[in-house]
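In: Give me coordinates for this.
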Amino acid sequence: MWNLIVRHLNDLVAVALFVIGFADLLFQKNMIKKVIGLNVMDSSIYLLLASQGYITGRKAPIITDGVMSAEYYINPIPSGLVLTGIVVSVSVTALLLSMTIRMYKKYHSLDLDYCLMMARGEG
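Out: Numbering: from 1, shown residues only. Coordinates of the predicted model:
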């Protein structure tokens, strides 16, 4: 049992981080905290992809001495997905923070429930 936990520690940490980020996204009312929760969820996915793509004892697929067998290298696709995901995550974070600034300028609050109530005209 303990060996199984140690072998899959990266996966368990990624799942725990995803749950923490998702709970933050669901239960926080402050928009900045929601953006932080979304970033924690993104980071957990990157950790999961990186841990699944790594194979112990293999090297990065950078060929210097000629082409060798593929069994000596790790899979480069998860690394590419992580890099692409980071770029998209930074863009989404910038967009959400700029929308949060506009929301604060209009409603003078970062509380999502209050801003939605004011937008509907119930306040």
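In: For the rest of this, base every contact and every neighbour count on C-alpha atoms.
Out: Will do.
In: Could you report the pLDDT at Leu38?
Out: Looking at Leu38, its pLDDT reads 96.
In: isn't it right up against Phe22?
Out: Yes - contact criterion C-alpha atoms under 8 Å: Leu38 and Phe22 qualify, at 7.2 Å.
In: Who has more neighbours out of the two?
Out: For Leu38 versus Phe22, neighbours defined as other C-alpha atoms under 10 Å are more numerous around Leu38 (22 against 17).
In: Might you report the residue contacts of the residue nearest to the more buried one when sequence neighbours are not counted?
Out: Leaving aside its chain neighbours, Leu38 sits nearest to Gly21 (6.0 Å; criterion: C-alpha to C-alpha, 6 or more residues apart in numbering). Gly21 makes contact with 36-41, according to C-alpha atoms under 8 Å, 6 or more residues apart in numbering.
In: how about the strands of the protein, start to end?
Out: Here the chain has no strands by DSSP state E.
In: got a list of what the most centrally placed residue in the chain touches?
Out: What sits nearest the mean C-alpha location of the chain, by C-alpha atoms, centre = their mean, is Asp42, with 0.8 Å. With contacts defined as C-alpha under 8 Å, 6+ apart, Asp42 is in contact with 18, 85, 89.
In: roughly how far is stretch 20-38 from the heart of the chain?
Out: Its chain's C-alpha centre and that of stretch 20-38 lie 12 Å apart, by C-alpha atoms, centre = their mean, to the nearest Å.
In: buried sites along it?
Out: By 16 or more other C-alpha atoms under 10 Å, the buried positions in stretch 20-38 come out as 20-22, 24-25, 30-35, 37-38.
In: Using PDB, write out every CA atom in that stretch.
Out: Taking C-alpha atoms only, stretch 20-38 is exported to PDB below (Å, rounded to 0.1, in the frame of the first residue of the first chain):
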ATOM      1  CA  ILE A  20      -8.300  22.800  -3.700                       C
ATOM      2  CA  GLY A  21      -8.500  25.000  -6.800                       C
ATOM      3  CA  PHE A  22     -12.000  23.800  -7.700                       C
ATOM      4  CA  ALA A  23     -13.200  24.400  -4.100                       C
ATOM      5  CA  ASP A  24     -11.700  27.800  -4.200                       C
ATOM      6  CA  LEU A  25     -13.400  28.500  -7.500                       C
ATOM      7  CA  LEU A  26     -16.800  27.400  -6.200                       C
ATOM      8  CA  PHE A  27     -16.800  28.800  -2.600                       C
ATOM      9  CA  GLN A  28     -15.000  32.100  -2.800                       C
ATOM     10  CA  LYS A  29     -17.000  35.200  -3.600                       C
ATOM     11  CA  ASN A  30     -13.900  37.500  -4.300                       C
ATOM     12  CA  MET A  31     -13.000  37.500  -8.000                       C
ATOM     13  CA  ILE A  32      -9.300  37.700  -7.300                       C
ATOM     14  CA  LYS A  33      -9.500  34.500  -5.200                       C
ATOM     15  CA  LYS A  34     -11.500  32.800  -8.000                       C
ATOM     16  CA  VAL A  35      -8.700  33.700 -10.500                       C
ATOM     17  CA  ILE A  36      -6.100  32.200  -8.100                       C
ATOM     18  CA  GLY A  37      -8.200  29.100  -7.700                       C
ATOM     19  CA  LEU A  38      -8.300  28.700 -11.500                       C
END
